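[1] what's the 3D shape of this:
(chains A and B)
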Amino acid sequence: KAGVTQTPRYLIKTRGQQVTLSCSPISGHRSVSWYQQTPGQGLQFLFEYFSETQRNKGNFPGRFSGRQFSNSRSEMNVSTLELGDSALYLCASSPTRTGPQETQYFGPGTRLLVL
Amino acid sequence: GNSVTQMEGPVTLSEEAFLTINCTYTATGYPSLFWYVQYPGEGLQLLLKATKADDKGSNKGFEATYRKETTSFHLEKGSVQVSDSAVYFCALSPTQGGSEKLVFGKGTKLTVNP
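    Numbering: from 1, shown residues only, chains lettered A, B, ... in the order given. As a prediction, the model looks like this:
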């Protein structure tokens, strides 16, 4: 079974631009979560989508948004990019939302550099 | 709130040495606990997990025991290899409080020298 895929793998943008990242979960997985990884803040939860609805949201400004499609693929968008948005953005999928014991499976990430 | 504290390292060991990476957590209820590993240039891979007190997770020679009395989930391996060089993250999935799906520690970079 193919793993979680993320595109693009690398991205360079300038301040003020917007960016859209894409994530395809493992086949059959319906929950998709997004995380931001930076050297300073570590791994931080952005949001989770299940059945095309945002179920949880971390403590990030409204410039960060996302959506999920009927085939469970997800996109996240960052508008008005700031230098501090430079990070590795990781997507993770899990089969359902059965509870805290459920394992999340991570993709390789999209590395975003904002100049 | 929910939080995870792990030794930040970096940790440098010789091949075949014993490894311990400490991890303690703060959470309400009974969270599930995980260790993830990140190799250079890659995403996170699940290493092991434990879902209730006294459970022992194990994989590839690594193991960790869920200790509710000490709120700990220390990672151990009896004999490390050069291929174990990576960054290790301890994480919890909360049952109560907060909106996060997973709460991570800062990560511990392990380097194993031949």
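[2] tell me, how many residues neighbour residue 64?
    Unless you meant another one, I'm taking chain A. 18 (other Cβ atoms under 10 Å in any protein chain shown). (C-beta placed from N, C-alpha, C; glycine too.)
[3] please go with chain B instead
    Quick note: residue B:64 (other Cβ under 10 Å) scores 27 neighbours.
[4] pretty sure it belongs to a helix, no?
    No. With DSSP: H, G, I helix; E, B strand; the rest coil as the criterion, residue B:64 is strand rather than part of a helix.
[5] name every strand pairing with the lowest-mean-pLDDT helix or strand in chain A and say which way it goes.
    In chain A, the helix or strand scored least confidently by mean pLDDT, DSSP states H and E is strand A:53-57, which has a mean of 89. In the sheet, strand A:53-57 lines up against strand A:42-50 (antiparallel) (DSSP bridges).
[6] what is the most centrally placed residue in chain A paired to in the beta sheet?
    By Cα atoms, centre = their mean, chain A has its centre lying nearest to residue A:34, at 3.0 Å. Applying DSSP bridges to residue A:34 gives these bridge partners: residue A:47, residue A:91.
[7] try residue B:65
    Residues in a beta bridge with residue B:65, per DSSP bridges, are residue B:56.
[8] what is the burial count for it?
    Around residue B:65 there are 17 other residues, counting by other Cβ under 10 Å.
[9] my read: it touches residue B:73, true?
    Yes. Using Cβ atoms under 8 Å, residue B:65 is in contact with residue B:73, at 7.3 Å.
[10] overlap in contacts, the two.
    Counting by Cβ atoms under 8 Å, 6 or more residues apart in numbering or on different chains, the common neighbours of residue B:65 and residue B:73 are residue B:50.
[11] need the residues of chain B near chain A, please.
    When proximity is defined as Cβ under 8 Å from any Cβ of the partner chain, chain B approaches chain A at B:31-32, B:34, B:36, B:41-46, B:49, B:51, B:89, B:91, B:93-95, B:99-107.
[12] how far away is residue B:108 from chain A?
    Remark: distance between residue B:108 and chain A (Cβ to the nearest Cβ, to the nearest Å) = 11 Å.
[13] can you pull the pLDDT of the closest residue to that residue other than its chain neighbours?
    Of all residues not flanking residue B:108 in the chain, residue B:9 sits nearest, at 4.3 Å (Cβ to Cβ, 6 or more residues apart in numbering or on different chains). Listed pLDDT for residue B:9 reads 84.
[14] which ones are touching residue B:9?
    Contacts of residue B:9 by Cβ under 8 Å, 6+ apart are B:21, B:108, B:109, B:110.
[15] narrow those to those that are buried.
    Buried subset of the contacts of residue B:9 (neighbour count, 16 or more other Cβ atoms under 10 Å in any protein chain shown): B:21, B:108, B:110.
[16] so the first one is in contact with residue B:74, correct?
    Yes. Using Cβ under 8 Å as the test, residue B:21 is close enough to residue B:74 to be in contact (6.7 Å).
[17] before we move on, back to that, the residue nearest to residue B:108 and residue B:59, how far apart?
    For residue B:9, the distance to residue B:59 equals 21 Å [Cβ to Cβ, to the nearest Å].
[18] kind regards, and thank you for your time.
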